[in-house]
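Asker: I would like to see how this sequence folds:
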Amino acid sequence: MALMTIPELQEFLVNAFPDSPSTLIVEDAGEWGARLRLPVTKAHGRPGGTVSGPALMGLADGAAWLSILTQIGPVALAVTTSLHIDFLRKPPLADVLAHGQILKLGKSLAVVDVSLRADGTDELVAKAQVTYSIPPR
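Answerer: This is a model prediction of the structure:
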């Protein structure tokens with residue numbers, strides 16, 4: 001059973017990073033994980049008309065974090081311990097969706113698989129595996 005709803009996740013995210021220049025949008029969440037949208041602007045771009053790697057990495061990290069919070073509740077101090085990302089193809093300068101799926105949720109570590117796609121396409125633009133440290137409850 002998910003411990004946080006989509007509106008609760010969105011509010012928690014905005015409150016955790018009030019000065020963030022770009023807001024991620026929580027589109028779906030459940031026991032499986034979470035799906036987020038990065039509304040892409042020119043600020044996310046890089047030469048060649050594509051979304052920058054740091055923007056994609058931030059989206060993958062956010063999707064992993066919120067996927068975990070759906071299961072453990074609002075734990076702000078769950079932190080990234082590892083993030084591996086493969087950039088598979090150049091995304092257009094358009095919104096990017098991240099689908100986080102929990103692979104393992106233990107007492108102190110969680111592992112999430114994150115697939116990133118440009119809005120309106122089925123092809124992966126990047127694939128990440130993210131490990132989080134969960135503080136003692």
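Asker: Neighbours of the closest residue to residue 120 other than its chain neighbours, how many?
Answerer: Leaving aside its sequence neighbours, residue 120 sits nearest to residue 94 (Cβ to Cβ, 6 or more residues apart in numbering; 7.4 Å). No exception for glycine: its C-beta is placed from N, CA and C like everyone else's. Using other Cβ atoms under 10 Å, the number of residues around residue 94 comes to 15.
Asker: Which of the three states applies to residue 116?
Answerer: Classification of residue 116 using DSSP: H, G, I helix; E, B strand; the rest coil returns strand.
Asker: So it is in contact with residue 97, correct?
Answerer: Yes. Between residue 116 and residue 97 there is a contact under Cβ atoms under 8 Å: 7.0 Å.
Asker: neighbour-wise, which of those two wins?
Answerer: Neighbours were counted for residue 116 and for residue 97 using other Cβ under 10 Å; residue 116 has more, 26 against 21.
Asker: which residues touch the more buried one?
Answerer: Each residue near residue 116 by Cβ atoms under 8 Å, 6 or more residues apart in numbering is listed here: 56, 59-60, 91, 96-99, 124-128.
Asker: Could you dump those residues into JSON lines and include secondary structure and pLDDT?
Answerer: As requested, the contacts of residue 116 are exported to JSON lines (DSSP: H, G, I helix; E, B strand; the rest coil; pLDDT from 0 to 100):
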{"residue": "56", "secondary structure": "helix", "pLDDT": "96"}
{"residue": "59", "secondary structure": "helix", "pLDDT": "96"}
{"residue": "60", "secondary structure": "helix", "pLDDT": "98"}
{"residue": "91", "secondary structure": "coil", "pLDDT": "93"}
{"residue": "96", "secondary structure": "strand", "pLDDT": "97"}
{"residue": "97", "secondary structure": "strand", "pLDDT": "98"}
{"residue": "98", "secondary structure": "strand", "pLDDT": "98"}
{"residue": "99", "secondary structure": "strand", "pLDDT": "98"}
{"residue": "124", "secondary structure": "strand", "pLDDT": "98"}
{"residue": "125", "secondary structure": "strand", "pLDDT": "98"}
{"residue": "126", "secondary structure": "strand", "pLDDT": "98"}
{"residue": "127", "secondary structure": "strand", "pLDDT": "98"}
{"residue": "128", "secondary structure": "strand", "pLDDT": "98"}
